[in-house]
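Trainee: Sequence and predicted model, in that order:
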Amino acid sequence: MGQVDFKNLRKSFGSTNIIDGLNLEIHNSEFLVLLGPSGCGKSTTLRLLAGLESVSSGTISIDGCDVTELEPRDRDIAMVFQNYALYPTMTVEQNIGFGLKAKKMSPKLIKEKVNEVADLLGLTHLLNRKPNALSGGQQQRVAIGRAIVRKPKVFLFDEPLSNLDANLRLEMRAEIMKLHRELGATTIFVTHDQEEAMAMADRIVIMDKGLIEQVGTPTEIYFQPKTRMVAGFIGNPSMNFMKGEISKNSELKLPIGNIKVNTILNLGEHIDVGIRPEKIKLADPKRKPNENIVRVMVTNIELLGPRAIVKMEHESGQVLTSVVDHDEIGKYELGTNISISLASNALHIFPKIKD
């Protein structure tokens, strides 16, 4: 088992609140990702759970047991750090087995467990090497091996892939997911990389300024963002935003013109309207024009292999970004005016953020 509960968790440094009343239940065997911009409190949350930082107020429990005041070694948690934190004078075998030796386990049993983990991670041929003779990916595997050899209830990963190059990140991402499926332990993974979060998580917790903005599956987070912050943080390119006003029950007054929506709204309310780049389409000339067709000028085209990113500008100065499949890019020409369609069901409406 490995259910984790945070209740009214707070962490302050002086007068600055880093975590401000966090409430969260993490399910047994779940792969949960804490995602957010730098300084949002995600790594601090992990360190509070690990016992590396003291809690200002609130409680942390694992399987119903309050661990808020327990020492790190008594929480049945293992943590993998961004910088690997390997002992440079020890071999791979000694690094992996260090925690077991500290528990006074017999040398024979330590060797058995280390060999089992080394085989699982493809490290058997490296057991006699020291960290400085390993690649970044190999060092990361050793750090993971040191964590899983203890078979803890909860694994914590704090930006473990950020020091690796792009190809190795993809490889290690797949390995961590495979390990999670095989071991079935509760895993909490911290990252600022939205692609990493979307690919790996059962659920994502998006944090900002010490608060939870939204909790949900990757699909829910992407297609049903509850706040403007979530909508803008998830997606690459990011969501297009326009300032608007509700002029009729189902009509928005935007810089690009009046747009129909499928929602009943409050007349006169000022809002922010968002649309994903992939939802901006060329208007079909064969279809009858509707109120959501807009004329724009193509100002930039970035070719990215199977797709392109197209920048457009309305005469009002409003800039929009669209993602276009490679097969469609021939329909866009730099400096030309085109008609685009904004589907009503693709628009996201949020309360206006004050400037």
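Mentor: Here it is on my side, so go on. Numbers count the residues shown, from 1 in each chain.

Trainee: how close does L211 get to N17?
Mentor: Distance from L211 to N17, counting by Cβ to Cβ, to the nearest Å: 9 Å. C-beta: built from backbone N, CA, C; applies to glycine.

Trainee: Ok, A102 next?
Mentor: Separation of A102 from N17 (Cβ to Cβ) stands at 35 Å.

Trainee: Give the residue from these two that has the larger number of neighbours.
Mentor: N17 (16 against 10; other Cβ atoms under 10 Å).

Trainee: Got phi/psi on the closest residue to P160 other than its chain neighbours?
Mentor: Nearest non-adjacent residue to P160, counting by Cβ to Cβ, 6 or more residues apart in numbering: V80, 5.0 Å away. Dihedral angles of V80 (phi, psi; degrees, to the nearest 10) stand at phi -110, psi 120.

Trainee: give the contact list for G97.
Mentor: 110-111, 113-114, 149 (Cβ atoms under 8 Å, 6 or more residues apart in numbering).

Trainee: Produce a PyMOL select command limited to the buried residues of those.
Mentor: A single PyMOL command suffices to select whichever of these are buried according to 16 or more other Cβ atoms under 10 Å:
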select buried, resi 110+113+114+149
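
Trainee: For the contacts of G97, which two are the farthest from each other?
Mentor: Across the contacts of G97, the longest distance by Cβ to Cβ is 11.2 Å; it joins K111 and V149.

Trainee: Okay, buried residues for the top helix by length along the chain please.
Mentor: Counting residues, the longest helix found in the chain (DSSP state H) is helix 166-183. Within helix 166-183, the residues scored as buried using 16+ other Cβ under 10 Å are 169, 172-173, 175-177, 179-180.

Trainee: export those to JSON lines and tack on pLDDT?
Mentor: Listed next are the buried residues of helix 166-183 as JSON lines, based on pLDDT from 0 to 100:
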{"residue": "R169", "pLDDT": "87"}
{"residue": "M172", "pLDDT": "87"}
{"residue": "R173", "pLDDT": "91"}
{"residue": "E175", "pLDDT": "88"}
{"residue": "I176", "pLDDT": "91"}
{"residue": "M177", "pLDDT": "93"}
{"residue": "L179", "pLDDT": "89"}
{"residue": "H180", "pLDDT": "92"}
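
Trainee: out of the residues you listed, who's nearest I234?
Mentor: Looking across the buried residues of helix 166-183 and measuring by Cβ to Cβ, the closest to I234 is R173, at 17.5 Å.

Trainee: OK, contacts around Q140?
Mentor: Under the criterion of Cβ under 8 Å, 6+ apart, the neighbours of Q140 are 80, 84, 160-161, 164, 172.

Trainee: Of those residues, which is the most crowded?
Mentor: P160 (26 neighbours).

Trainee: Chain neighbours aside, what residue packs nearest to F157?
Mentor: For F157, the spatially nearest residue (Cβ to Cβ, 6+ apart) is F189, at 4.4 Å.

Trainee: where's that neighbour, which helix or strand?
Mentor: Element membership for F189, per DSSP states H and E: strand 186-191.

Trainee: Over to A118?
Mentor: Element membership for A118 (DSSP H and E) is helix 107-121.

Trainee: list the buried ones in that helix?
Mentor: Result for helix 107-121 [16+ other Cβ under 10 Å]: buried residues 110, 113-115, 117-118, 120-121.

Trainee: Quick check: next helix or strand after it?
Mentor: helix 136-148.

Trainee: Which residue ranges make up each domain of the chain?
Mentor: 4-233, 240-351 (automatic domain parsing).

Trainee: looking at those, which one has the lowest mean pLDDT?
Mentor: Lowest mean pLDDT of the domains of the chain: domain 240-351, a mean of 89.

Trainee: Look at it and report the distance between its end residues.
Mentor: 15 Å (Cα to Cα, to the nearest Å).

Trainee: Check stretch 85-94 too.
Mentor: Per Cα to Cα, stretch 85-94 runs 13 Å from first to last residue.

Trainee: Skipping adjacent residues, who's closest to P218 in space?
Mentor: M198 (4.5 Å).

Trainee: Can you show me the CA trace of the helix or strand where the one you found lies as CSV?
Mentor: Using DSSP H and E, M198 falls within helix 194-200. The C-alpha trace of helix 194-200 is given here as CSV (Å, rounded to 0.1, in the frame of the first residue of the first chain):
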residue,chain,number,x,y,z
GLN,A,194,4.5,19.6,-19.5
GLU,A,195,5.3,17.0,-22.2
GLU,A,196,6.9,14.8,-19.6
ALA,A,197,3.8,15.1,-17.3
MET,A,198,1.3,14.4,-20.1
ALA,A,199,3.2,11.3,-21.2
MET,A,200,3.8,9.8,-17.8
